[in-house]
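# Need coordinates for the below:
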Amino acid sequence: MTGIASSFAPALPEGAIPAATLVIMRPSAGGGPDEILMVKRSSNMAFAAGAVVFPGGRIDPDDFTVAQRHGFAEGDADGAARVAALRETLEETGLAVGWPSLSEHDSSDVRRALLGGELLSDILAARNDRVALDALVPFARWCPNFKEARTFDTRFYAVSAPPHGHELTVEEAEHSHIFWASAKGTLAMADAGEISIIFPTRRNLERLSQANDFEEFSLHAGQFPVELVTPWIEERDGRPYLCIPDHLGYPVTREAFDRVRRG
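Got it, this is the predicted structure:
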């Protein structure tokens, strides 16, 4: 049995921090399933320390400003999340996703400006540039309520990787390592104990592993609603399991609680 139906609509946990994350997919040089950009969080972080995750982070007030200038309504959370996903990816990895007019030469300067506190809205205005927010495919929204140091209300997007020739590097204050691997490859590394992944990352990697490439995953994502996922504990055969709904496209919807890395 892989699915457990939820009989309730989850409520957003109090104090949840709005955030966004980006699954960046590129064709594998050796053929086979697309590779995904993954980053390893530094061991001193309050949330998911040492875990391998997708790039992303908090939504900033300026992200709403940028989204509104790109046609989203004032206060639109989806628009701001799209901006945050692109901005955080550039800050964390040096990869300018959804910014076709930004050259590789200029991307490092823009990255330094963002890390130095300059607002993305000001950078875009000064360059008379726009970002391609419609290039992102929304496919999930997670807010685990595990009573950890941080609770994040995270919107997940997928995007095709832009062509680039420069080496990607992590933003060292938050991350320690960066790599490309297929969803199945990353899961295999986790199963072998080579890396650590938290519960939401594992479930989404399992979902991504059902598709061979970005186009196929985009079609898959369009078949399911984007609803808030707040995992709950349910007892099965005298053993507690952490569960998620079974109608959102995930091939695995429960895991024994004692095996879960939560955050």
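# what about the strands in the stretch 101-250 of the chain?
All strands of the stretch 101-250 of the chain, identified by DSSP state E, counting those that start in this stretch, fall at 137-142, 152-160, 175-182, 228-229, 232-236, 239-243.
# Just the CA atoms of the fifth one, as PDB, please.
This file holds the C-alpha atoms of strand 232-236, laid out as PDB (Å, rounded to 0.1, in the frame of the first residue of the first chain):
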ATOM      1  CA  TRP A 232       0.700  14.000   9.800                       C
ATOM      2  CA  ILE A 233       1.500  10.900  12.000                       C
ATOM      3  CA  GLU A 234      -0.700   7.900  11.700                       C
ATOM      4  CA  GLU A 235      -0.300   4.500  13.400                       C
ATOM      5  CA  ARG A 236      -0.200   1.400  11.200                       C
END
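# from the chain's centre, how far out does that strand sit?
When C-alpha coordinates are averaged (C-alpha atoms, centre = their mean, to the nearest Å), strand 232-236 and its chain have centres 26 Å apart.
# Rounded mean pLDDT for stretch 200-216, please.
On average, the pLDDT along stretch 200-216 is 97.
# Give me the buried stretch members for it, please.
Neighbour counts over stretch 200-216 (16 or more other C-beta atoms under 10 Å) mark 200-209, 211, 214 as buried. Every residue, glycine included, has its C-beta placed from N, CA and C.
# Same check on stretch 58-76?
Neighbour-count burial for stretch 58-76 flags 59-60, 62-68, 70, 72 (criterion: 16+ other C-beta under 10 Å).
# Adding mean pLDDT as columns, could you present the strands of the stretch 101-250 of the chain in JSON lines?
JSON lines is the format used below for the strands of the stretch 101-250 of the chain (pLDDT from 0 to 100):
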{"stretch": "strand 137-142", "mean pLDDT": "98"}
{"stretch": "strand 152-160", "mean pLDDT": "97"}
{"stretch": "strand 175-182", "mean pLDDT": "82"}
{"stretch": "strand 228-229", "mean pLDDT": "96"}
{"stretch": "strand 232-236", "mean pLDDT": "91"}
{"stretch": "strand 239-243", "mean pLDDT": "93"}
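# Would you mind finding the most buried of these?
strand 152-160 (a mean of 24; mean count of other C-beta atoms under 10 Å).
# can I have that one written out in CSV, keeping just the CAs?
The C-alpha trace of strand 152-160 is given here as CSV (Å, rounded to 0.1, in the frame of the first residue of the first chain):
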residue,chain,number,x,y,z
PHE,A,152,8.6,27.1,6.2
ASP,A,153,5.7,27.4,3.9
THR,A,154,7.5,26.5,0.7
ARG,A,155,6.3,26.6,-2.9
PHE,A,156,8.0,24.2,-5.3
TYR,A,157,8.7,25.0,-8.9
ALA,A,158,10.5,23.2,-11.7
VAL,A,159,12.4,24.8,-14.6
SER,A,160,14.7,23.8,-17.5
